[in-house]
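[1] Sequence first, predicted coordinates after that:
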Amino acid sequence: MTVYVDDAVHPWRGERWAHLLADTLDELHGFAARLGIPRRAFQNRTSGAHYDVTAALRERAIALGAMPISRHHDRALVRAVIAHARRQGRGEAP
């Protein structure tokens, strides 16, 4: 099982943000808890089950073992991870 963090660092509220995703929701929630992210921050959307993380938390996630993925370099992997997150958001993935 793998936890992923993308490089889509978007500006919002004075911070830059990325997305934390995982192969399973249990793994995603557990990893987010290790980062100190409250469960209420979980975004269970049809666009993809994920947590938003600041650029600083992205670096901490990588240090804790999350796999960095790049929309610029790992396009096929990113598409697969996002498609899986969308299925999770719709309740279709285990």
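    Perfect, thanks for sending it. Residues are numbered from 1 along each chain as shown.

[2] make it CA atoms for all contacts and neighbour counts henceforth
    Fine.

[3] Quick check, Ala66 in contact with Val5.
    Yes. With contacts counted by Cα atoms under 8 Å, Ala66 reaches Val5, the gap being 6.4 Å.

[4] Tell me which of those two has more neighbours.
    Comparing Ala66 with Val5 by other Cα atoms under 10 Å, the one with more neighbours is Val5, at 25 against 20.

[5] residue contacts, the more buried one?
    Counting by Cα atoms under 8 Å, 6 or more residues apart in numbering, Val5 touches 18-21, 58, 61-62, 66-69.

[6] ok, now with 7 Å
    Neighbour list for Val5: 18-21, 58, 66-69 [criterion: Cα atoms under 7 Å, 6 or more residues apart in numbering].

[7] what bridges to it?
    Leu20, Pro68 (DSSP bridges).

[8] At which residues are the strands of the chain located?
    Using DSSP state E, the strands of the chain run over 3-6, 10-12, 15-22, 43-45, 48-54, 67-69.
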